[in-house]
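K.L.:
Any chance you could fold what I've pasted below:
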Amino acid sequence: MQSTLDVANKKLVDESLITRPSRLGSTALLYSPPELGVGYIIGELDNTVGVHPLDAKTGKLGQKAPQNISMLPNNYSGPPPLASDIHISNDKKFVYAATRFSNTIAVYKIPPDPRLEVVEIIPTHGETPRNILLYKDFLLAVSQDTNSLDVYRADTKTGKLTYTSNSIECPSPSSMFMTE
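P.N.:
Just a heads-up that it's a prediction; the model follows:
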């Protein structure tokens, strides 16, 4: 459901439904910069990124996603995974999405059309990644079951991630924020 805030009456007004596949589960929403013209919605249960057109004037997402792309490695056969977080790189060239229990981070290239293209889906160093954060040329991931914050270098040309061997103990992490 998309809503707008009616400031005068102090209430949300329902505007339109967003159609997503069944078994979606709770979601995370990422608005891209206006020039890309899309918003990304991840489904916790179906482990996909939905690429929805975004109306720059109204800020509303299109009701249907022309693309729903998997966040999981091919032939994944482990415990039921749960998508957890999604972010766009500062240069607007890549999208990064984490999935718990498959313990993976999916990297997508943002082409001009703007359908996402899979660059890679890599295993995380920690188990049950809850949150990721992009900072300069790095991706930080906090993992709940290993109580860790792990650091990856993000290649600015390819988007690919490389684990830096830097890991910090972080008891029961669920989210991160960065200040300078």
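K.L.:
Can you show me the strands along this structure?
P.N.:
Residue ranges of the strands in the chain, as given by DSSP state E, are 2-6, 11-16, 27-31, 38-43, 48-53, 67-70, 82-88, 94-100, 104-109, 117-123, 129-135, 138-143, 148-154, 161-169.
K.L.:
Just the buried residues of stretch 36-51, please?
P.N.:
Neighbour-count burial for stretch 36-51, counted by 16 or more other C-beta atoms under 10 Å, picks out 36, 38-51. C-beta coordinates here come from the backbone N, C-alpha and C atoms, glycine included.
K.L.:
ditto for stretch 56-74
P.N.:
Judged by neighbour count (16+ other C-beta under 10 Å), stretch 56-74 contains these buried residues: 60, 61, 62, 65, 68, 69, 71, 72, 73.
K.L.:
low-scoring stretches of this protein, by residue?
P.N.:
Counting by pLDDT under 70, the low-confidence segments of the chain come to 1-2, 16-17, 19-23, 26.
K.L.:
re the thing from before, nearest to residue 133 among the buried residues of stretch 56-74?
P.N.:
Among those, residue 71 lies closest to residue 133 (C-beta to C-beta), at 17.4 Å.
K.L.:
How much space separates that closest one from residue 92?
P.N.:
Taken as C-beta to C-beta, to the nearest Å, the spacing of residue 71 relative to residue 92 amounts to 20 Å.
K.L.:
What of residue 162?
P.N.:
In this structure, residue 162 and residue 92 are 21 Å apart, going by C-beta to C-beta.
K.L.:
ditto for residue 75
P.N.:
Summarising the geometry, the distance separating residue 75 from residue 92, computed by C-beta to C-beta, is 31 Å.
K.L.:
This completes my enquiry, with thanks.
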